[in-house]
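[1] sequence-free structure coming up:
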């Protein structure tokens with residue numbers, strides 16, 4: 001059986017999920033007329049740049065002697081998406097800075113997504129007292145003398161930054177676990193870099209700034225090496241204190257029961273294995289859950305067809321429709337092997353019968369382990385597969401039959417045993433490292 005070693009011995013995985021309200025609303029950061037809600041002090045890069053409001057935009061210019069500096073939101077943010085339009089003179093240097101804190105606060109760092117529109121400059125690089133990731137082609141896609149639309153997502157610990165420009169992905173970068181003392185929350189900053197050499201009249205302008213906060217959740221903290229083997233996780237004391245607990249003990253089916261028969265499953269060497277032969281249709285937890293964070297690993301063979309049930313009802317009906325199902329499928333060969341055409345929602349991470357995954361490139365090759373991170377609170381659901389965001393939705397606004405608002409609000413967590421495919425062994429799917437954190 002194959003195992004993939006995790007990158008580091010100590011792991012801290014932040015599930016970027018959950019807010020107290022069902023969904024976060026977009027809020028305007030700029031009223032188009034004043035700098036109310038903004039400040040030039042209190043971040044890491046205070047300076048003497050000049051900031052004004054002109055023509056419905058925040059305008060930044062170098063101060064006396066070519067001074068640069070940032071203007072920041074007065075409010076601090078942790079996980080968020082921000083959208084704005086930017087116009088910048090050529091040549092001039094700017095950027096957007098998430099999680100800015102004062103230097104006095106333990107020298108905690110934020111980061112920068114560069115908008116360095118100069119010869120040799122980079123648009124879309126990641127910088128923080130040095131480059132973490134370069135982007136040599138971003139400036140080629142920047143529309144000169146035009147407004148360019150940006151969308152930035154910042155979330156997690158360490159910080160994961162995803163930025164789009166004019167609707168196309170510009171950068172996708174997660175700071176390494178060893179990246180240093182980065183702040184978990186801070187102000188959002190806009191920059192005039194300062195150079196004492198910019199042409200007269202140079203400026204950067206920002207408009208249509210709006211932000212929505214993303215769920216923060218609680219960190220899932222674990223260390224690798226449970227059972228003395230790579231790939232198996234054990235909760236840290238901090239993880240347990242945050243409310244995380246295991247759903248599978250690695251030895252037997254305690255806490256689970258089979259539906260539709262008694263065969264088709266086996267606890268083996270720390271893994272919950274789905275056998276090619278058996279009578280059961282799915283496993284379900286003996287405990288019901290309403291609002292929760294959930295993470296699990298799965299590995300599948302060719303032709304496998306499985307799924308993850310959330311809030312399944314115990315009325316004997318299909319839990320994909322009484323609660324919901326996140327697909328687990330061999331996306332690579334299923335259509336070819338079965339001479340069929342899948343519906344978009346049938347691919348891995350699709351919300352069965354309701355919504356296709358936002359990306360289909362998150363599933364790893366067969367034989368490798370994959371990780372689901374799920375947050376489900378009220379009607380708000382966020383899902384990540386191998387760190388890539390697949391869904392961030394209000395389920396009550398998703399088309400489905402029956403509508404989600406008519407489905408049960410509390411139910412079991414389930415693992416579907418649907419199709420064995422062409423596995424050469426005695427099992428075709430395996431699960432491990434199943435952890436849940438009920439939300440009060």
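    Sure thing, it's come through. Treat the numbers as computed from the prediction; the structure is a model and nothing was measured.
[2] so residue 396: helix, strand or coil?
    Three-state call for residue 396 (DSSP: H, G, I helix; E, B strand; the rest coil): helix.
[3] might you report the residue contacts of it?
    For residue 396, the contacting residues are 22, 379, 403-405, by C-beta atoms under 8 Å, 6 or more residues apart in numbering. Yep, even glycine has a C-beta here, placed from its N, CA and C like the rest.
[4] how about the residue sitting nearest the centre point of the chain, secondary structure?
    Against the mean C-alpha coordinate of the chain, by C-alpha atoms, centre = their mean, the closest residue is residue 389 at 4.3 Å. Reduced to three states with three-state DSSP, the structure at residue 389 is strand.
[5] would you agree it is in contact with residue 382?
    Yes - shown here, residue 389 and residue 382 form a contact pair, counting by C-beta atoms under 8 Å, at 7.1 Å.
[6] what helices or strands is the lengthiest strand in the chain leaning on?
    When every strand of the chain is counted residue by residue (DSSP state E), the longest turns out to be strand 427-438. If contacts are counted by 3 or more C-beta pairs under 8 Å, 6 or more residues apart in numbering; DSSP states H and E, strand 427-438 sits against strand 219-224, strand 233-235, strand 245-246, strand 271-275, strand 292-300, strand 412-419.
[7] so which residues of the stretch 251-400 of the chain form strands?
    256-259, 265-268, 271-275, 282-285, 292-300, 305-312, 324-329, 370-377, 380-385, 388-394 (DSSP state E, counting those that start in this stretch).
[8] check which residues of the longest one are buried.
    Spelled out, it's strand 292-300. Within strand 292-300, the residues scored as buried using 16 or more other C-beta atoms under 10 Å are 292-300.
[9] now swap in stretch 144-162 and tell me
    147-148, 150-162.
[10] restricted to strands, list those.
    Checked against DSSP E, the buried residues of stretch 144-162 include these in strands: 148, 150-155, 160-162.
[11] closest to residue 427 out of those residues?
    Among these, residue 160 lies closest to residue 427 (C-beta to C-beta), at 33.5 Å.
[12] adding pLDDT and distance to residue 138, write the ones in strands among the buried residues of stretch 144-162 out as TSV.
    TSV is the format used below for these (pLDDT from 0 to 100; distance: C-beta to C-beta, whole Å):
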residue	pLDDT	distance to residue 138
148	98	11
150	98	11
151	96	14
152	96	13
153	92	17
154	92	18
155	83	21
160	86	18
161	92	13
162	91	14
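[13] mind picking the one among the residues you listed that's closest to residue 178?
    residue 160 (15.2 Å).
[14] strands of the stretch 101-250 of the chain, start to end?
    112-117, 123-127, 131-133, 148-155, 160-165, 168-174, 186-192, 204-213, 219-224, 233-235, 245-246.
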